[in-house]
Every structure is written in C-alpha cells, then in structure tokens.
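# Quick one, what's the 3D model for this:
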Amino acid sequence: MNNHLLEFYGTECPHCISMHELVERLEKEEGIKIESLEVWHNKENEKRLLGIDNGELCGGVPFFYNTQTKKFICGDESYEI
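Just a heads-up that it's a prediction; the model follows:
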C-alpha cells in the first residue's frame, strides 16, 4: 500500500490503542485511508519510522505522518483537533 497518511503505533501502547479507535472512526466517517504500521514487534516498520522521525519529530508512538505535506501529530489527541 502506497498511502500518504501513516500511523506508527506499538501493540501494547495504551495511547496508541485509543488513537487507533479514532483512526477507524476517521476512516469510516471521512473515507480517509491511513496506513497503520506496528513498530514494536515489526523491524521493517520500525526502520520506516526511524527513517521519517529518527527521534527528531516525536521520538515515540503514536506518531502520525503525512508523507505529502510532511505534517505530523505526536501522541494522543482528540478527534476534534
């Protein structure tokens, strides 16, 4: 999948779990597709995260990144932001 909206998350991360619920809502309500990439147990996804962030933008998960605009969201946020 070559998507420009990325969600990096960790399986056991409570903040990631709450944000993933919002991602599903966003996809359903707005018809937007976000590519979800688990990084704690998947080394390829972790490499992709490090290639984008490298500890300079967020330094952790959840981390949302738009590959077209280069804008990002760190941590958990409300649906209304």
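
# Name the helix or strand of the protein that has the lowest mean pLDDT.
Lowest on mean pLDDT, DSSP states H and E among the helices and strands of the chain sits helix 14-30, with a mean of 91.

# Just list what that one packs against, helices and strands only.
strand 5-9 (3 or more CB pairs under 8 Å, 6 or more residues apart in numbering; DSSP states H and E). Just so you know, the C-beta spots here come from the backbone N, C-alpha and C atoms, and that holds for glycine as well.

# Check which helices and strands the strand it packs on is in contact with.
Strand 5-9 is packed against helix 14-30, strand 35-38, helix 43-52, strand 63-66, with contacts defined by 3+ CB pairs under 8 Å, 6+ apart.

# closest to residue 5 out of the ones you listed?
Evaluated over the helices and strands packed on strand 5-9, closeness to residue 5 peaks at strand 63-66, with 5.8 Å, by CB to CB.

# Identify all contacting residues around the least confident helix or strand of the chain.
Contact with helix 14-30 is made by 7, 9-10, 32-34, 36, 61-62, 64, 75-77, 79, as judged by CB atoms under 8 Å, 6 or more residues apart in numbering.

# Derive a PyMOL selection command for the buried subset of these.
Remark: buried members of these, expressed as a PyMOL selection using 16 or more other CB atoms under 10 Å:
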select buried, resi 7+9+10+34+36+61+62+64
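
# Can you tell me which one of the contacts of helix 14-30 sits lowest on pLDDT?
Sorting the contacts of helix 14-30 by pLDDT puts residue 79 at the bottom of the list (76).

# ok, so what distance separates that residue from residue 29?
Per CB to CB, to the nearest Å, residue 79 is found 9 Å from residue 29.

# ditto for residue 17
Residue 17 is 19 Å from residue 29, by CB to CB.

# Who has more neighbours out of these two?
Ranked by neighbour count (other CB atoms under 10 Å), residue 17 and residue 29 place residue 17 first, with 14 against 9.
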